[in-house]
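**Q** here is a sequence with its predicted model. Questions after.
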Amino acid sequence: MPANDLDLLIDAARAAGEVAARFAGPEAKRWDKPGGLGPVTEADMAVNTLLAARLLGARPDYGWLSEESEDTSARLDRERVFIVDPIDGTRSFIEGSGTWAHALAVAEAGKITAAVVYLPMRDKLYAAALGQGATLNARPIRVSDRADLDGAAVLAAKPNYAPRHWPRGVPEVKRAYRPSLAYRLSLVAEGRYDAMLTLRDSWEWDIAAGALILDEAGARVSDRNARPLRFNNPVPQVGGVVAANPLLHAALAEALAPEASA
């Protein structure tokens with residue numbers, strides 16, 4: 001990883017925040033993506049344009065994978081790839097909430113090497129580089145040390161608690177939720193929650209940045225079957241995400257049914 005990839009992502013994320021802030025969420029023009037893939041707004045597209053110009057302008061040899069760009073196989077031949085979600089939590093943006101984020105990452109040989117999750121409306125910038133730890137607003141962060149699953153604070157959507165996923169019974173956890181998946185990952189890295197999970201297939205742009213931030217904060221991050229995550233796949237998805245400190249992650253993996261799907 002070039003030493004300044006993280007600085008590039010931080011600068012680009014802050015610039016993205018300035019662009020997004022020019023749009024009033026509820027008043028921004030919006031439309032629905034084909035295939036039931038959810039809403040998109042003119043703010044998403046404006047941020048995507050800015051990020052592509054800034055990031056690829058600085059690293060023209062990198063590949064590009066973004067939720068708001070047409071995907072091509074060209075990225076598969078690149079040594080390094082930007083993986084970007086211009087606005088993660090578009091529904092929150094439309095509602096005028098501040099819990100949406102810009103999620104930016106660099107992948108190399110299937111692994112994330114630099115990552116930023118930035119919530120401009122909350123002035124929270126999570127960042128990590130491979131082997132260099134994770135930070136929130138330049139201060140080091142660490143996952144919680146809770147080992148017991150019962151009573152743990154878990155970020156997950158309601159469908160993840162369906163009994164079919166838990167052969168030994170749904171655990172008695174403190175349930176919480178945030179619309180932005182990148183923010184959920186980052187909140188666990190920060191230690192404000194003990195774990196997060198999503199048991200359905202997840203788009204890489206939603207989780208790439210948060211996965212490295214969690215890993216560098218001391219978490220174990222895997223797919224729903226406890227396998228390591230790999231990025232820049234031909235179909236840019238992974239089989240769900242489970243993240244917590246290693247002891248709690250092991251407890252979650254043991255409690256979950258194999259091959260669970262939401």
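**A** Thanks, I have it. As the structure is a computational prediction, the values presented were derived from the model and not from experiment.
**Q** C-alpha from now on. contacts and neighbour counts both.
**A** OK.
**Q** show me what contacts Arg168?
**A** Ala255 (C-alpha atoms under 8 Å, 6 or more residues apart in numbering).
**Q** then Leu247?
**A** Shown in contact with Leu247 (C-alpha under 8 Å, 6+ apart): Arg146, Ala147.
**Q** which helix or strand contains it?
**A** helix 246-255 (DSSP states H and E).
**Q** which parts of that helix are buried?
**A** Within helix 246-255, the residues that qualify as buried are Pro246, Leu247, Leu248, His249, Ala250, Leu252, Ala253, Ala255, counting by 16 or more other C-alpha atoms under 10 Å.
**Q** cool, stretch 110-119 as well?
**A** Here stretch 110-119 shows Lys111, Ile112, Thr113, Ala114, Ala115, Val116, Val117, Tyr118, Leu119 as buried, counting by 16+ other C-alpha under 10 Å.
**Q** that's a helix at the fifth one, yeah?
**A** No. Ala115: not assigned to a helix; according to DSSP: H, G, I helix; E, B strand; the rest coil it is strand.
**Q** picking up where we left off before, got the CA coordinates for the helix holding Leu247 in PDB?
**A** C-alpha atoms of helix 246-255 as PDB (Å, rounded to 0.1, in the frame of the first residue of the first chain):
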ATOM      1  CA  PRO A 246     -12.200 -12.800  18.900                       C
ATOM      2  CA  LEU A 247     -13.900 -14.400  22.000                       C
ATOM      3  CA  LEU A 248     -17.300 -12.900  21.300                       C
ATOM      4  CA  HIS A 249     -17.000 -13.700  17.600                       C
ATOM      5  CA  ALA A 250     -16.400 -17.400  18.500                       C
ATOM      6  CA  ALA A 251     -19.500 -17.400  20.600                       C
ATOM      7  CA  LEU A 252     -21.500 -16.000  17.800                       C
ATOM      8  CA  ALA A 253     -20.100 -18.400  15.300                       C
ATOM      9  CA  GLU A 254     -21.000 -21.300  17.600                       C
ATOM     10  CA  ALA A 255     -24.500 -20.100  18.100                       C
END
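**Q** what's the local residue count around Phe23?
**A** 18 (other C-alpha atoms under 10 Å).
**Q** same question for Asp44.
**A** Other residues near Asp44 number 25, with proximity taken as other C-alpha under 10 Å.
**Q** how about the nearest residue to Ala255, chain neighbours excluded?
**A** The shortest distance from Ala255 to any non-neighbouring residue, by C-alpha to C-alpha, 6 or more residues apart in numbering, is to Trp166 (6.0 Å).
**Q** pick out the most distant pair among the buried residues of helix 246-255.
**A** The widest separation within the buried residues of helix 246-255, taken as C-alpha to C-alpha, falls between Pro246 and Ala255 and amounts to 14.3 Å.
**Q** is the residue nearest to Glu172 when sequence neighbours are not counted in a helix, a strand, or coil?
**A** Spatially, and ignoring its direct neighbours in sequence, Glu172 is nearest to Asp150 (5.0 Å; C-alpha to C-alpha, 6+ apart). When classified by three-state DSSP, Asp150 comes out as coil.
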